[in-house]
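J.: Below is the structure, and that's it, no one-letter string:
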Ligand SMILES: Nc1nc2c(c(=O)[nH]1)N[C@H]1C(S)=C(S)[C@@H](COP(=O)(O)O)O[C@H]1N2
Ligand SMILES: [Mo]
């Protein structure tokens, strides 16, 4: 497989530069006025952010598993991103043209700092770190990915949800012109767009939960969910929603795409759990993408994808067969 890097479009990035520069100035003034100071470690992403561009100042974190990393080529060419088609190779082909700048993230609901944030302002206060996580898809395969991002908990603390915020919902971009899979019937994805996901607030605040902007030290390729995606390593991959445009703090358990598509197959929690099979297949084992062939003995799937020590306490007293 070949790694194709996007050629930068000088003209449009110059325009973006100017626009973002004035937006940043405005944000800085507002931040100063409200006393919401920026962390001194604040990192400035380049205004024209291209997939494959190196991210600076990324620190390695202690969150890592020691398995062999899945290759960049596999991580960026074997994808689930139904907005660009249902087969694994479509996102790499069709997501390239998606525009990820300018991009805004809307924050709304039960929160003290709602608003429409420019993506770079949204990311800027946070130091970037590399975390090596296992991604376990509900389709019983896994990858080992060196993500670059920052804890969702830090973002939530900054946004100050109020006491009614019991859940947080995330929403992906809805733009059928850019995302052909959203044109009903064309690719047959049949999902109720836009793609939505949600977490209980304590799951969202768990230190493992990551907002991701890159992988392998570089800006996230579009097919992996640029410019901003979630990664929740103890849950099946579909909880890790891509290309986020909205965060909504809510009181009641929010609607989620796969649960709406089939509530008997995909629960709200969707914790990786080898003891609860999918109605149509086993979840006891998995195949490592890029390494295991169809004939290799499968690897055992671990409870909470191997993160039980960090997250099992979130579910004490819950029947995980009922709340799958
Ligand atoms: N918006 C959106 N997010 C999504 C999906 C999707 O189809 N649309 N697929 C999910 C699934 S099923 C998986 S396994 C992971 C795959 O992430 P990756 O392509 O970076 O490996 O993204 C998740 N996030
Ligand atoms: Mo998945």
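T.: Arrived safely, thanks for sending. All of these numbers come straight from a predicted model, not from anything done at the bench. Ligands and ions are numbered 1, 2, ... in the order given.

J.: Please tell me how far the lengthiest strand in the chain is from the chain's geometric centre.
T.: In the chain, with assignment by DSSP state E, the single longest strand is strand 141-151. Using CA atoms, centre = their mean, to the nearest Å, the mean C-alpha position of strand 141-151 is found 9 Å from that of the whole chain.

J.: could you point out which element follows that strand?
T.: Following the chain from strand 141-151 toward its C-terminal end, the next helix or strand by DSSP states H and E is helix 152-159.

J.: Distance from the chain centre to that following helix, please.
T.: With CA atoms, centre = their mean, you get 15 Å for helix 152-159.

J.: Any buried residues in that helix, and which?
T.: Within helix 152-159, the residues that qualify as buried are 152, 153, 154, 155, 156, 159, counting by 16 or more other CB atoms under 10 Å. (C-beta placed from N, C-alpha, C; glycine too.)

J.: can you list the residues of the stretch 201-324 of the chain near ligand 1?
T.: 224, 225, 237, 238, 240, 241, 242, 243 (CB under 6 Å from any ligand atom).

J.: how about 8 Å then?
T.: For the stretch 201-324 of the chain, the residues found near ligand 1 under the criterion CB under 8 Å from any ligand atom are 215, 223-225, 229, 236-243, 257-258.

J.: among these, who's most crowded?
T.: The member of these that has the most neighbours, counting by other CB atoms under 10 Å, is residue 242 with 29 neighbours.

J.: And the spatially closest residue to it that is not a sequence neighbour, its phi and psi?
T.: Once flanking residues are discounted, residue 242 sits nearest to residue 225: 2.8 Å by CB to CB, 6 or more residues apart in numbering. Recorded main-chain torsions at residue 225 are phi 110, psi 30, according to degrees, to the nearest 10.

J.: surely residue 225 meets residue 237?
T.: No: counting by CB atoms under 8 Å, residue 237 is not a contact partner of residue 225; they are 11.0 Å apart.

J.: Would you state the strands of the chain in chain order?
T.: Per DSSP E, the chain has strands spanning 59-64, 104-109, 115-118, 129-136, 141-151, 167-172, 196-200, 210-215, 218-219, 229-231, 244-250, 285-288, 299-300. These are given in chain order.

J.: Can I get those strands in a markdown table including distance to residue 271 and mean pLDDT?
T.: What follows is the strands of the chain, written out as a markdown table (distance: least, CB to CB, whole Å; pLDDT from 0 to 100):
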| stretch | distance to residue 271 | mean pLDDT |
| --- | --- | --- |
| strand 59-64 | 18 | 96 |
| strand 104-109 | 24 | 98 |
| strand 115-118 | 30 | 98 |
| strand 129-136 | 10 | 98 |
| strand 141-151 | 15 | 98 |
| strand 167-172 | 16 | 98 |
| strand 196-200 | 11 | 98 |
| strand 210-215 | 16 | 98 |
| strand 218-219 | 30 | 97 |
| strand 229-231 | 15 | 99 |
| strand 244-250 | 21 | 98 |
| strand 285-288 | 15 | 97 |
| strand 299-300 | 16 | 97 |
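
J.: With distance to residue 269 added, can I get those in JSON lines?
T.: Conversion of the strands of the chain to JSON lines gives the following (distance: least, CB to CB, whole Å):
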{"stretch": "strand 59-64", "distance to residue 269": "22"}
{"stretch": "strand 104-109", "distance to residue 269": "21"}
{"stretch": "strand 115-118", "distance to residue 269": "28"}
{"stretch": "strand 129-136", "distance to residue 269": "14"}
{"stretch": "strand 141-151", "distance to residue 269": "19"}
{"stretch": "strand 167-172", "distance to residue 269": "12"}
{"stretch": "strand 196-200", "distance to residue 269": "8"}
{"stretch": "strand 210-215", "distance to residue 269": "18"}
{"stretch": "strand 218-219", "distance to residue 269": "31"}
{"stretch": "strand 229-231", "distance to residue 269": "15"}
{"stretch": "strand 244-250", "distance to residue 269": "16"}
{"stretch": "strand 285-288", "distance to residue 269": "19"}
{"stretch": "strand 299-300", "distance to residue 269": "21"}
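
J.: wait, residue 292 sits on residue 142?
T.: No: because the distance of 9.3 Å does not satisfy CB under 8 Å, residue 292 is recorded as not touching residue 142.

J.: From the neighbour counts alone, determine which of those two ranks first.
T.: More neighbours sit around residue 142 than around the other of residue 292 and residue 142, counting by other CB under 10 Å; the figures are 26 against 15.

J.: which ones are touching the more buried one?
T.: By CB atoms under 8 Å, 6 or more residues apart in numbering, the contact list for residue 142 reads 134, 135, 136, 286, 287, 288, 289, 299, 301.

J.: Same check on residue 106?
T.: 115, 116, 117, 245, 246, 247.

J.: What of residue 271?
T.: 234, 235, 236, 304, 311, 315, 320, 324.

J.: Identify the bridge partners of it.
T.: Listed by DSSP bridges, the beta-bridge partners for residue 271 are residue 235.
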